[in-house]
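> Show me the folded form of this:
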Amino acid sequence: MLVRSTTKYARISPKKARHVVREIQGLPVSDALDALTYTPKKSAHLIGKTLKSAIANAENNHELSADELIVKEAVVGEGPTLKRFKPRARGSAGAIRKRTSHIFITLTDEFEAPEEKQRSGKPKKRDIIKSLFGADTKPAAKKEQAPAEEAPVEDVEETESTEETAE
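Residues are numbered from 1 along each chain as shown. The predicted model follows:
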């Protein structure tokens, strides 16, 4: 069963929070709490509060045991940005963006085998070539040419066939 918990409008940049969230995905809840407790970042505290809320939801609303829960998914999305300005030289102003985050944590009691992580972004050139031409993308090895002194294979066959007809 899936149990979700969210924290909205957390006053931290999503980029900073994603570093911590990546570390707890796929871990059992007890290991994730330990990791967050000993991570010296502001985002670890906020994510820890969200994780504890998800655990409480699982125990109280769905009657699940906290020992069996696994962090299935932990995502940090962008929230609204507060725009402020700071005075700069010669009467200009510099923009200051105070970013907020939405933290989503999903817990599950079902054990799933870890999936192979796929890289995000553009596929590599060799992967595109493999998908177009198949697995064998290496050029064929150069064939060794027979020395000029030997007769071609076709001539040998013709001489054998003439000898058979002569007999």
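
> Show the residue spans covered by the strands in this protein.
Secondary structure of the chain (DSSP state E): strands at 2-10, 70-78, 82-87, 93-98, 101-108.

> And the first one, what does it pack against?
Counting by 3 or more C-beta pairs under 8 Å, 6 or more residues apart in numbering; DSSP states H and E, the packing neighbours recorded for strand 2-10 are helix 42-61, strand 101-108. The way it works is simple: take the backbone N, C-alpha and C, and place the C-beta from them, glycine included.

> can you tell which of those is closest to residue 85?
Minimum separation from residue 85 across those (C-beta to C-beta) falls at strand 101-108, 22.1 Å.

> List the contacts of the closest one.
Applying C-beta atoms under 8 Å, 6 or more residues apart in numbering, the set of residues contacting strand 101-108 from outside is 1-10, 12-14, 17, 21, 29, 46-47, 50-51, 54-55, 58, 69-79.

> hmm, which of these are the buried ones?
Buried by 16 or more other C-beta atoms under 10 Å: 3, 5, 7, 10, 12-14, 17, 21, 29, 46-47, 50-51, 54-55, 58, 69-72, 74, 76, 79, out of these.

> still on that earlier bit, could you dump the strands of the chain into TSV and include distance to residue 37 and mean pLDDT?
Listed next are the strands of the chain as TSV, based on distance: least, C-beta to C-beta, whole Å; pLDDT from 0 to 100:
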stretch	distance to residue 37	mean pLDDT
strand 2-10	17	94
strand 70-78	15	94
strand 82-87	30	96
strand 93-98	27	96
strand 101-108	16	95
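
> Reformat these as a markdown table; add distance to residue 34.
Formatted as a markdown table, the strands of the chain follow (distance: least, C-beta to C-beta, whole Å):
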| stretch | distance to residue 34 |
| --- | --- |
| strand 2-10 | 18 |
| strand 70-78 | 12 |
| strand 82-87 | 33 |
| strand 93-98 | 31 |
| strand 101-108 | 16 |
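
> between these, which gets nearest to residue 42?
Proximity to residue 42 (C-beta to C-beta) singles out strand 2-10 among those, at 9.4 Å.

> in the sheet, who's paired with residue 73?
Residue 73 has these beta-bridge partners by DSSP bridges: residue 106.

> from memory it sits against residue 25, does it?
Yes - contact criterion C-beta atoms under 8 Å: residue 73 and residue 25 qualify, at 6.8 Å.

> Need the winner for burial among the helices and strands packed on strand 2-10.
strand 101-108 (a mean of 22; mean count of other C-beta atoms under 10 Å).

> Work out the gap between that one and the centre of the chain.
Put simply, strand 101-108 sits 17 Å off its chain's centre (C-alpha atoms, centre = their mean, to the nearest Å).
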